[in-house]
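Chemist: this is a predicted model, with the sequence first.
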Amino acid sequence: MRTPLIAGNWKMYKTPAETKEFFSRFLPLVEKSTHADIAICPPFVDIAAAVEAAAGSRVGIGAQNCYWQNKEGAFTGEVTPAMLKAAGCAYVIIGHSERRQYFGETDETVLRRTRAALEAGLTPIVCVGELLEEREAGRTNEVLQRQFEGGIAGLSAEEFARIVIAYEPVWAIGTGKVATPETAEEAHKFLRSLAAAKFGKAAADALRILYGGSVKPDNIRGLMAQPDLDGALVGGASLKPEDFAAIINF
Ligand code: PGA
């Protein structure tokens with residue numbers, strides 16, 4: 001059985017003080033939620049505050065990106081996965097569509113960052129997903145296959161066993177236009193079939209595939225009812241303690 005993972009992606013929101021305030025309201029709401037793993041990925045500057053606030057709870061902290069090597073060096077503005085681990089992170093989001101769209105992230109850099117994150121002992125949440133025009137052109141599977149083959153299939157079997165994949169159709173992110181449970185399930189099933197072809201059925205069966213894109217308290221239940229949907233990566237709705245807790249406690 002796959003334990004669901006519900007992860008919040010705060011993107012570029014909140015200060016350390018706001019992070020502290022969030023956790024003081026959020027933690028009591030998920031105290032009894034043992035059916036799913038819970039993660040929150042705040043901006044880098046909030047990680048220390050989040051780790052401190054979440055200490056002793058079941059909530060794991062993650063980053064939203066990391067550099068592709070663990071060795072320190074002259075790379076202004078970058079952070080190694082090992083530094084994130086040392087700061088108390090358990091997770092890191094890799095290859096989010098906003099990083100692909102605005103910061104030149106490619107399948108190749110996704111693979112390199114994922115490897116470095118694994119080497120540091122973090123759980124990478126590797127994002128894939130098609131653009132609206134790609135879906136409308138009927139190219140969803142082709143895009144997912146390209147992203148899988150370029151960004152994930154290069155991992156060893158041992159590495160693959162330690163990642164989480166997030167399917168995030170770009171047209172559903174921040175738009176309020178959630179994928180229907182059936183549309184999401186179709187993509188998740190396809191991704192699992194790619195995993196089975198490359199890493200074998202047992203590895204594919206153990207893989208957690210999260211859905212992301214306008215997940216809200218009122219649509220999480222239908223999504224989670226799908227057999228290949230193992231949790232969610234939540235943007236906007238993870239910023240409010242009550243909404244994020246309602247999603248976790250679907
Ligand atoms: P959203 O973002 O929930 O605000 O659509 C999801 C994501 O980008 O991870």
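Modeler: Noted; the coordinates are in hand. Owing to the predicted nature of the structure, the values given are computational and were not obtained by experimental measurement. Residues are numbered from 1 along each chain as shown.
Chemist: check contacts around the single nearest residue of the chain relative to the ligand.
Modeler: As assessed by CB to the nearest ligand atom, the ligand sits closest to Gly235 within the chain, at 2.2 Å. C-beta: built from backbone N, CA, C; applies to glycine. Contact analysis of Gly235 by CB atoms under 8 Å, 6 or more residues apart in numbering lists 8-11, 173-174, 212, 215.
Chemist: how does it look with 10 Å?
Modeler: The neighbours of Gly235, taking CB atoms under 10 Å, 6 or more residues apart in numbering as the test, are 8-11, 13, 96, 98, 168, 173-174, 212-215.
Chemist: repeat that for Ala225.
Modeler: Applying CB under 10 Å, 6+ apart, the residues near Ala225 are 181, 185, 250.
Chemist: hmm, try it at 8 Å
Modeler: Contact analysis of Ala225 by CB under 8 Å, 6+ apart lists Pro181.
Chemist: doesn't Ile38 belong to a strand?
Modeler: Yes: judged by DSSP: H, G, I helix; E, B strand; the rest coil, Ile38 forms part of a strand.
Chemist: what about the residue nearest to Gly129 when sequence neighbours are not counted, how many residues nearby?
Modeler: The shortest distance from Gly129 to any non-neighbouring residue, by CB to CB, 6 or more residues apart in numbering, is to Glu168 (4.1 Å). Number of residues near Glu168 (other CB atoms under 10 Å) recorded here: 28.
Chemist: one step back: filter the contacts of Gly235 down to the ones near the ligand?
Modeler: 9, 168, 173-174, 212-215 (CB under 6 Å from any ligand atom).
Chemist: quick one, which of those are buried?
Modeler: 9, 168, 173, 212-215 (16 or more other CB atoms under 10 Å).
Chemist: name the next helix or strand downstream of the helix ranked longest in the chain, please.
Modeler: Looking across the chain with DSSP state H, the single longest helix is helix 181-199. Using DSSP states H and E, the next helix or strand after helix 181-199 towards the C-terminus is helix 201-206.
Chemist: who's in contact with that following helix?
Modeler: With CB under 8 Å, 6+ apart as the test, helix 201-206 has contacts from 2, 157, 160-161, 192-193, 195-196.
Chemist: again, only using 7 Å
Modeler: 2, 157, 160-161, 192, 195-196 (CB atoms under 7 Å, 6 or more residues apart in numbering).
Chemist: cool, stretch 236-250 as well?
Modeler: With CB under 7 Å, 6+ apart as the test, stretch 236-250 has contacts from 6, 8-10, 13, 22, 25-26, 29-30, 33, 36, 38, 40, 174, 215-217, 220-221, 224, 232, 234.
Chemist: and Val164, how many neighbours?
Modeler: The local packing of Val164 (other CB under 10 Å) involves 24 other residues.
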